[in-house]
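Novice: coords please:
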Amino acid sequence: MLPTIRDNASESGTDAPSTDDNTPTADDNSANQNYDEEALNASGDSLFDDDEVNILQQVGASSYPDNVVEKVMLPPSTPHRSLLYRHRSPTPSSCGGTQQHAALLIRQEIDRIVSDSAVQTQHDVPVPAKKVRSSAHRGKRSAVRFADDDVPAPVPSGEKRKQLQFKDAKRALVNYAEQFKPFRTCNSFQISYTLRTFGKDAIAGVGVAIMEIPLAMSYAKLAGLPEYYGLYACFIPPIVYPLFGTSRQLAVGPASLVSLLIGTGISNVVAAEGFDDPKSQEYIARYTQLAIQCAFLSGLIKMGMGFLRLGFITQFLSKPLISGFVSGAAVLITCNQIKHLFGYSTPASNTIQEIFKYLLQNIDQFNWKTFVIGSLCLCLITLLKFMSSNQYLLQRWSGVKWLKPLSPILLTVVMIVLTYALNLGDRGIPLVQPIPPGLPSVTVTWWTPIRADLLVVVLSSVIISFVQSIALAKRIAYTHGYDVESSQELISLGLANLVGAMFQCYPTTGTIAQSAAADGFGAETGIASVITGFVVMIVLLLLTPVFQQMPLAVLGSIVIAFVSPLFDYTEAIYLFHVHFFDFLVWIVALFGTLFMGVTYGLAIAVVLSLIFVIYESAYPKMAVLGRLPGTSLYRNVKQYPDVERYDGVLIIRIDAPMYFANAQNIRDRVRGYKYAATADLKERNAGEIQYIIIDLSPMSHIDTTALHVVEDMYKTQLKEGVQICFCNPGIKVVERFVVSGFIDLVGREHFFSATIDAVQYCLNDMESRMQ
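Specialist: Numbering: from 1, shown residues only. From the prediction side, this is the model:
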């Protein structure tokens, strides 16, 4: 049974042109050839001479011409290959084809191919030489060389060998260290650094410091620490980060998400140690020590990840997952600040149900004065943010765009003046805690002992802080036309946290609002971050009594105003319309964070990401291919319903690397495709599958487990009378086939560099069997 060419368009209901099945069409007559079938039958001579046999062999290594479609049809009962088959019921008049008539049709197509100059050149798959292991010297290691390599030089022994090994190790260490290039950021700034650049950096540094001071105090309060710890975190890390950092505009300091993670995590650890009074000195001292230890461990982990170049790990967290987690954390942060607007304190909590439980239990302590002040401050910040983005106002005055980044300090100045003027502290308005004057003290002795359950808090904060920092740094770098290295950023952020842990700093990271402000102010280099740190230092030395007059309601309103926009509902709407599974991931991450806490919410998000990655890897995409009419391109039959398919030949593409986790699934899918194709052929009485062509072009890797599975699949199909051919294999896959001996088992003649070559080989081989 010779194969037929099937056009999927006919399967979908497209009407085929009506032609006489036993007579050439108008297109066939264009070949200018007249053949006498009866004379051929009577003579008994071969239809093809020697030159034409060569043409047939060329056809077997080339494609059909672009215009060879919809030419001639023979019914399925004809024991020879027809050039096109459409699903029509065979009629008695169409069943009179003979073997000579089929050969006549093939010869007409050969003449048409030659006349159209459509013969293509076949290229063989380059197969590397098989590796041979030979012992270069007696020892534990053996030299690996190819069979055609020269004999290796003798390996020196004794003291000379040790010297060479030391030089190789030294060279490898130097090359590895060169990848990071410490201080290269500052060196690159100094090369082209001018007074004009320094002016921009100075403006940006001072502007970010003015904006960051009230925000940092608010975030320290969110972390459960005294407000002045936020100022410490704005002093040391911004000075250290530019030494190794690759981002020129990233502002490093306290962040809302990290503060929430630290606050909720440390509260659980302190409670587990038996401290139950948040106002006691023992509780505050232990809580502060654990926060410093978090910064120390965060610095070590980030630097270790950077030196091991593990920045790619964060790529396993999808955008819907991160968006859902951040949205849930934004709701928790906002709800945690309501107590400052209500004027009373509640225990730290990290779930939405506990927050409202404590709020309702202490509602009798509601302070209407604090609520009015906090609400007015929140409305004022919202108004300033709206004005900064209003197009009408921007057209009138471009300086209005600075109202948003400057709104925290404007509000702070106004409220400090009102507190002094109206003596709000004596009227029942809660104020910030007293800020000790001077610089932070050394806290290296606070690093030990470390509790094991603190690592969970640290790991969660490391993941979130790095994802936030690198995404922000890359976005800013893209707008300015330079590159940011993830591993280098890990080292710089880790060093900033490690040095900060020496001077009473809790974990810090790249901040969204401050970095956007630095970019908006025109920061050119990391010197702007250094200036920010020194401005905060001046505040710590001279202006701490001023900030002691700030109401807590102001800090709460600032946090709510800057954190609430992190609830990304627009992303949820987008995911719902575009990809419902990603929308479900967003929902699970959101509600997991809200009702189980930020730590468990992040864990759920990570597990979801890993499950999704494992599922996509274990169940890779595969497709049955067909030829696009008029081309030599083979595409998915589901995506292109009008492709041509050949009876007896099944073309399958594997769209993923093949390894132990998905090898069995791929074999089962191939078997399923074969059974489906065989059932279709039997239904039409068109024979059986004789060839399976597997397209390996997307496969970049295959491991030993997958090699055994492929070999077993090949032997099984061969016993069933089906020959498997492979096309478009990558160099790594071919090397594995050669080393394992699989290529010799299959035969090199069954490996092709193009799908069209494999198809023509199969069709010609099936044709030769019928002659």
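
Novice: can you confirm residue 645 is in a strand?
Specialist: Yes. Judged by DSSP: H, G, I helix; E, B strand; the rest coil, residue 645 forms part of a strand.

Novice: where does the stretch 201-350 of the chain dip in pLDDT?
Specialist: Applying pLDDT under 70 to the stretch 201-350 of the chain flags the ranges 348.

Novice: can you give me the strands in it?
Specialist: Using DSSP state E, counting those that start in this stretch, the strands of the stretch 201-350 of the chain run over 252-253.

Novice: quick one: the helices in the stretch 551-700 of the chain?
Specialist: Along the stretch 551-700 of the chain, the segments classed as helices by DSSP state H, counting those that start in this stretch run 552-563, 569-578, 580-596, 598-618, 663-683.

Novice: Just name the most buried of these.
Specialist: Mean neighbour count (mean count of other Cβ atoms under 10 Å) peaks for helix 552-563 among the helices of the stretch 551-700 of the chain, with a mean of 26. Yep, even glycine has a C-beta here, placed from its N, CA and C like the rest.

Novice: Using TSV, please lay out the helices of the stretch 551-700 of the chain together with mean pLDDT and distance to residue 765.
Specialist: TSV is the format used below for these (pLDDT from 0 to 100; distance: least, Cβ to Cβ, whole Å):
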stretch	mean pLDDT	distance to residue 765
helix 552-563	84	69
helix 569-578	92	46
helix 580-596	89	44
helix 598-618	82	35
helix 663-683	92	18
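
Novice: Determine which of those approaches residue 514 most closely.
Specialist: Smallest distance to residue 514 across the helices of the stretch 551-700 of the chain (Cβ to Cβ): 10.1 Å, for helix 552-563.

Novice: Just the CA atoms of that closest one, as PDB, please.
Specialist: Presented in PDB, the C-alpha positions along helix 552-563 are these (Å, rounded to 0.1, in the frame of the first residue of the first chain):
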ATOM      1  CA  LEU A 552       2.000  58.200  64.600                       C
ATOM      2  CA  ALA A 553      -1.100  58.800  62.500                       C
ATOM      3  CA  VAL A 554       1.100  60.700  60.000                       C
ATOM      4  CA  LEU A 555       3.300  57.700  59.600                       C
ATOM      5  CA  GLY A 556       0.300  55.400  59.200                       C
ATOM      6  CA  SER A 557      -1.200  57.600  56.500                       C
ATOM      7  CA  ILE A 558       2.100  57.700  54.600                       C
ATOM      8  CA  VAL A 559       2.400  53.900  54.600                       C
ATOM      9  CA  ILE A 560      -1.200  53.500  53.400                       C
ATOM     10  CA  ALA A 561      -0.800  56.000  50.700                       C
ATOM     11  CA  PHE A 562       2.300  54.500  49.200                       C
ATOM     12  CA  VAL A 563       1.600  50.800  49.800                       C
END
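
Novice: List the buried residues for the strand or helix carrying residue 544?
Specialist: Using DSSP states H and E, residue 544 sits within helix 544-547. Residues 544, 547 are the ones in helix 544-547 that count as buried (16 or more other Cβ atoms under 10 Å).

Novice: repeat for stretch 270-278
Specialist: 270, 275, 278.

Novice: what's the distance between the first one and residue 351?
Specialist: Residue 270 sits 17 Å away from residue 351 when distances are taken as Cβ to Cβ, to the nearest Å.

Novice: what's the answer for residue 609, then?
Specialist: The value you get for residue 609 to residue 351, if Cβ to Cβ is used, is 22 Å.

Novice: What of residue 676?
Specialist: On the measure of Cβ to Cβ, residue 676 and residue 351 end up 50 Å apart.

Novice: What residues does the nearest residue to residue 328 once chain neighbours are set aside make contact with?
Specialist: Closest residue to residue 328 apart from its sequence neighbours, by Cβ to Cβ, 6 or more residues apart in numbering: residue 593 at 2.9 Å. Applying Cβ atoms under 8 Å, 6 or more residues apart in numbering to residue 593 gives the contacts 324-325, 327-329, 332, 600-602, 604-605.

Novice: Just flag the most distant two among those.
Specialist: Spanning the widest gap among those are 327 and 600, at 15.8 Å by Cβ to Cβ.

Novice: Tell me where the stretch 601-750 of the chain has strands.
Specialist: For the stretch 601-750 of the chain, applying DSSP E, counting those that start in this stretch gives strands covering 622-627, 634-636, 644-646, 649-654, 691-695, 723-727.

Novice: can I get those in TSV with distance to residue 763, mean pLDDT and mean neighbour count?
Specialist: Listed next are the strands of the stretch 601-750 of the chain as TSV, based on distance: least, Cβ to Cβ, whole Å; pLDDT from 0 to 100; neighbours: other Cβ atoms under 10 Å:
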stretch	distance to residue 763	mean pLDDT	mean neighbour count
strand 622-627	11	93	21
strand 634-636	14	91	19
strand 644-646	6	87	23
strand 649-654	7	94	22
strand 691-695	9	95	24
strand 723-727	12	94	22
